[in-house]
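Peer 1: Turn this into a structure:
(2 chains, ligands or ions: 1)
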Amino acid sequence: MSQQASIDRQEYNITAYTENQVGLLNRIAIIFSRRKINIESLNVSPSEIEGIHRFNIVINETEEVVGKLARQIEKQIEVLKVYYNTNADVIWQEMALYKVPTDVIAEKAIVERLLRENGARAVVIRKDYTVFETTGHREETDNLIRVLQPYGLIEFVRSARIAIIKASDGFNSKLREFERREPSTEPAENEYLNSRDKVFTM
Amino acid sequence: MTGAVATLQALLAEGVDTIFGYPGGAIIPIYDALYDFKEQLNHVLVRHEQGGIHAAQGYARSSGKVGVVFATSGPGATNLVTGLADALIDSTPLVCITGQVFAHLLGTDAFQETDIINITTPITKWNYQVTNAEEIPEALAKAFYIARSGRPGPVLIDITKNAQQQKHDFAPYVPCTHIRSYRPVPIVRPEYIREAAAIINQAKRPFVLWGQGVILGKAEQEFKAFIEKSGIPAAWTILGAGALPTDHPLNVGMLGMHGNYGPNVLTNECDVLIAIGMRFDDRVTGRLDKYAKQAKVIHLDIDPTEIDKNVATTVPVWGDCKETLPLLTALVDAKLHPEWHERFRVHMEQEVDAVIREELFPTSEEMTMGEVIQQLNELTEGEAVIVTDVGQHQMVACRYAKLNKTRSNITSGGLGTMGFALPAAIGAKFGTPHRPVVAIIGDGGVQMTIQELGTIMQTGVDVKIIILNNRFLGMVRQWQELFNDRRYSFVDIASPDYVTVASGYGISGKRVEARAELKQSLQQMLEHPGSFLLEVMVSKENNIFPMVPQGCSVAEIRLR
Ligand SMILES: Cc1ncc(C[n+]2csc(CCOP(=O)(O)OP(=O)(O)O)c2C)c(N)n1
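Peer 2: Now for the predicted structure:
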């Protein structure tokens, strides 16, 4: 790899609108893995449009590579639209959960102050442990790990990134326009999937 | 109606007449239903599923229709893998239907269960597993639409056994014409057409490269009109061969590693490069950082991902070239470019002196592959469908075969699959029964799918088979000679007595060892009613030149 390419690499947020189909995640993942590109973060969730899912994929690459990948993803049959943006072009968040012993929190009020300073919120308080949540950029959520470590942090988990594109007026209106011009037939319903408990014996 | 019957009804509704396949436990219900459809659906029992899918590819490429394959689950399905990869990279429309274990057994490592959907995901344009009979018509309608629309490709539908057996009141079959997330043909942008035309009109040394997109788009006439008006010399990729007749004065030859001298050298001297329905494969471009850097590039393609993928374009012309070419033709000036054409002619003369004359009219004692093709050209006059395998003979056949008609050159381009030609030729004959089909195969490749002689025997299909026997895996030997100090590591391959093998299958054959017998033997083969195998003993250590060595620029093409 040329030095220039490694300098030009940065985090890109790929946003893909897709149909909700079994196996599509694999089809999309293969586009990265066959080029030996590591996915930093991946989130899939239903979008604001019925039957349409939204992928948020974060990779560290050059714009040239990301642009080609985006087109390759968009080429997949069940993918409607793909955008890619730098971090500066999106509003993004990751959520983190921290589990700490409740007695430590109770005894050392300082911890609570630290949590407040870090914008954390208690999700569950039990006798044995308490779970806090923060949302933010990587550095912010990382910071709280460092702070809580000395107080007996038991467990930590962070979600994949979700991102909203600053400039776009959203895909919602575009899709509705799409559908108005070329109305789709009803998407295939996989009835079997809804009754799999009757079929599966595992 | 059962899911199996619904499957066959769908095929009939899609206009399918021929299926290549091989039965097994998980697809028995479909085969059972087929028993009652024998009159309407011709099923060709191949000898191996790889043969089945290559036959379907040959069928699709010769006829322009969708090739259809049946296979059972597990080993039947996995035997399709090579053909799927081949069809995807060469944009061949296929619908493969595989049987699958009962839905309730999925994921339990049941007998002959393989996860064929995941195995084939990277090598299909689309695939889908049907677990419920109700889904069958819609899944097949989508499959055919996806396989044949836009940039064509292979689709695999995996149907569980319960879905094949299940009875259901199916609504009348509705072909698919739209999928909400699929835009097979990009919208044509008139501003790009105008920009492209302006660049072409200013060009002093414009050069056209065309690929299979012209054939897939059925745009041969539109293509011819474009180059004839603009007077631009045009060269082809091996999958594009035949879209313009070999003898057309604007056809300046083949591109790439074993292409013609002029087109390769002049790629780096043209001022405008117009790529039409081709994808700048590395076998065509050689070193990309030294490829046509001086030229403005206009790229016409139906697949937006091809544009800027390997070569940066000045103007992208998205769209089906059947639609975009006439728009472009209307805006380009009528020209002749005589001086520029002269450059190609000079290079061609150099190539004739250095390579072609000796290859086609050898003075050596041993026969060359080229003279076999040359003699064949004289007898067929470019009317035959030529199906080639992979290796030196493929390059010779593609370089020298005379092709008067489109869909006359069937070869494995992108994957370079040995074993392709024999089954593909069988399929090609089913696809175009009225044209002579000649397979040209090496002694290595023929042994990879030689069992398909059994398919010829049983169906009586008329395929002429020429084995060019150099007693080597010739192309690998050539590389070892040129780049590995003649260390001939495992390329010395023995052959059975092919004529005897053929006769065991009831197929006539002949072996030719002397030049004096060549022409008359080829004639005998062509006039023979039914299939015929002709083994021609050719020079053991001939090399295919010109050649762009790997890692070199196309302008560094070697004549020797
Ligand atoms: C399935 C497969 N395996 C291996 C290769 C690598 N390969 C390319 S050309 C070639 C030699 C082909 O020999 P033969 O069929 O005798 O044809 P020739 O080159 O002698 O004309 C080989 C082994 C291939 N292309 N396909």
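Peer 1: Near the ligand, which residues of the stretch 301-450 of chain B? Just list them.
Peer 2: Contact residues (C-beta under 6 Å from any ligand atom) of the stretch 301-450 of chain B with the ligand: B:389-393, B:416-419, B:442-445. (C-beta placed from N, C-alpha, C; glycine too.)
Peer 1: do that again at 5 Å, thanks
Peer 2: For the stretch 301-450 of chain B, the residues in contact with the ligand (C-beta under 5 Å from any ligand atom) are B:Val390, B:Gly391, B:Gln392, B:His393, B:Gly416, B:Met418, B:Gly442, B:Asp443, B:Gly444, B:Gly445.
Peer 1: Might one say that the third one is in contact with B:Leu473?
Peer 2: No - at 9.3 Å, B:Gln392 and B:Leu473 do not qualify as touching, with contact defined as C-beta atoms under 8 Å.
Peer 1: shared neighbours, these two?
Peer 2: Listed as contacting both B:Gln392 and B:Leu473 by C-beta atoms under 8 Å, 6 or more residues apart in numbering or on different chains are B:Gly442.
Peer 1: element containing A:Ile91?
Peer 2: Assigned by DSSP states H and E, A:Ile91 belongs to strand A:90-101.
Peer 1: For the residue of chain B most remote from its centre, which non-adjacent residue is closest in space?
Peer 2: The outermost residue of chain B, judged against the average C-alpha position, is B:Asp169 (40.1 Å), by C-alpha atoms, centre = their mean. Of all residues not flanking B:Asp169 in the chain, B:Met1 sits nearest, at 7.3 Å (C-beta to C-beta, 6 or more residues apart in numbering or on different chains).
Peer 1: quick one, what contacts the residue most central in space within chain B?
Peer 2: In chain B, the residue lying closest to the centroid (C-alpha atoms, centre = their mean) is B:Thr411, at 4.0 Å. By C-beta under 8 Å, 6+ apart, B:Thr411 lies in contact with B:Ile238, B:Leu239, B:Val387, B:Thr388, B:Asp389, B:Val390, B:Gln394, B:Ala397, B:Cys398, B:Phe420, B:Ala421.
Peer 1: who wins for neighbours among those residues?
Peer 2: Neighbour counts for the contacts of B:Thr411 (other C-beta atoms under 10 Å in any protein chain shown) peak at B:Ala421, which has 37 neighbours.
Peer 1: Hmm, B:Gly445 and that one touching each other?
Peer 2: Yes - here B:Ala421 reaches B:Gly445: they are 6.4 Å apart, a contact under C-beta under 8 Å.
Peer 1: Now for these two: what residues contact both?
Peer 2: With C-beta under 8 Å, 6+ apart, B:Ala421 and B:Gly445 have common neighbours B:Asp389, B:Val390.
Peer 1: if we can go back for a sec, okay, B:Gln392 and B:Leu473: which has more neighbours?
Peer 2: Legend: neighbour count by other C-beta under 10 Å for B:Gln392 and B:Leu473, higher for B:Gln392 (24 against 21).
Peer 1: With adjacent residues omitted, what lies nearest to that one?
Peer 2: Leaving out its chain neighbours, the residue that sits closest to B:Gln392 by C-beta to C-beta, 6+ apart is B:Gly474, at 4.1 Å.
Peer 1: Nearest to the ligand: which residue in chain A?
Peer 2: Across chain A, no residue is closer to the ligand than A:Arg34, which sits at 20.0 Å (C-beta to the nearest ligand atom).
Peer 1: Could you check the pLDDT of the residue nearest the centre of chain A?
Peer 2: Central residue of chain A (C-alpha atoms, centre = their mean): A:Asn43, 3.0 Å from the mean position. pLDDT for A:Asn43: 97.
Peer 1: Tell me where chain A has helices.
Peer 2: A:3-8, A:24-33, A:63-75, A:102-107, A:109-117, A:138-148, A:171-181, A:191-194, A:196-199 (DSSP state H).
Peer 1: who does the strand holding A:Ile91 touch, helix- and strand-wise?
Peer 2: For strand A:90-101, the elements it packs on are strand A:129-136, helix A:138-148, strand A:155-158, strand A:162-165, judged by 3 or more C-beta pairs under 8 Å, 6 or more residues apart in numbering or on different chains; DSSP states H and E.
Peer 1: what residue ranges in chain B score low on pLDDT?
Peer 2: Chain B contains no residues with pLDDT under 70.
Peer 1: Can you name the residues of it sitting close to the ligand?
Peer 2: So far as C-beta under 5 Å from any ligand atom goes, chain B lies against the ligand at B:390-393, B:416, B:418, B:442-445, B:470, B:473-476.
Peer 1: Between those, identify the one with the most neighbours.
Peer 2: Neighbour counts for the residues of chain B next to the ligand (other C-beta under 10 Å) peak at B:His393, which has 31 neighbours.
Peer 1: these two touch, right, that residue and B:Phe472?
Peer 2: No - look at B:His393 against B:Phe472 with C-beta under 8 Å: they stay out of range, at 11.3 Å.
Peer 1: Check what pLDDT A:Val123 gets.
Peer 2: 93.
Peer 1: how near is it to A:Leu144?
Peer 2: For A:Val123, the distance to A:Leu144 equals 14 Å [C-beta to C-beta, to the nearest Å].
Peer 1: what secondary structure does B:Leu468 sit in?
Peer 2: strand (DSSP: H, G, I helix; E, B strand; the rest coil).
Peer 1: and it, what is it in contact with?
Peer 2: Applying C-beta under 8 Å, 6+ apart, we find B:Leu468 in contact with B:Met369, B:Val372, B:Gln392, B:His393, B:Val396, B:Ile440, B:Ile441, B:Gly442, B:Asp443, B:Val536, B:Val538.
Peer 1: Go again with 6 Å.
Peer 2: Residues in contact with B:Leu468 (C-beta atoms under 6 Å, 6 or more residues apart in numbering or on different chains) are B:Met369, B:His393, B:Val536, B:Val538.
Peer 1: Measure how buried the first one is and give me the count.
Peer 2: It refers to B:Met369. Counted by other C-beta under 10 Å, the residues lying close to B:Met369 total 29.
Peer 1: Distance of it relative to B:Ile440?
Peer 2: Distance of B:Met369 to B:Ile440, computed by C-beta to C-beta: 8 Å.
Peer 1: repeat for the third one
Peer 2: The gap separating B:Val536 from B:Ile440 is 10 Å, by C-beta to C-beta.
Peer 1: Okay, now the unreliable bits of chain A?
Peer 2: Scanning chain A for pLDDT under 70 picks out A:1-5, A:168, A:178-202.
Peer 1: Tell me the residues on chain A that lie near the ligand, please.
Peer 2: Within chain A, not a single residue sits near the ligand (C-beta under 5 Å from any ligand atom).
Peer 1: in the stretch 201-350 of chain B, what residue is nearest chain A?
Peer 2: The nearest approach of the stretch 201-350 of chain B to chain A comes at B:Thr305, 4.5 Å away (C-beta to the nearest C-beta).
Peer 1: Need the nearest residue in space to that residue, chain neighbours excluded.
Peer 2: Using C-beta to C-beta, 6+ apart, the closest residue to B:Thr305 is A:Arg71 (4.5 Å).
Peer 1: count of neighbours near that neighbour?
Peer 2: Neighbour count of A:Arg71, defined by other C-beta under 10 Å: 18.
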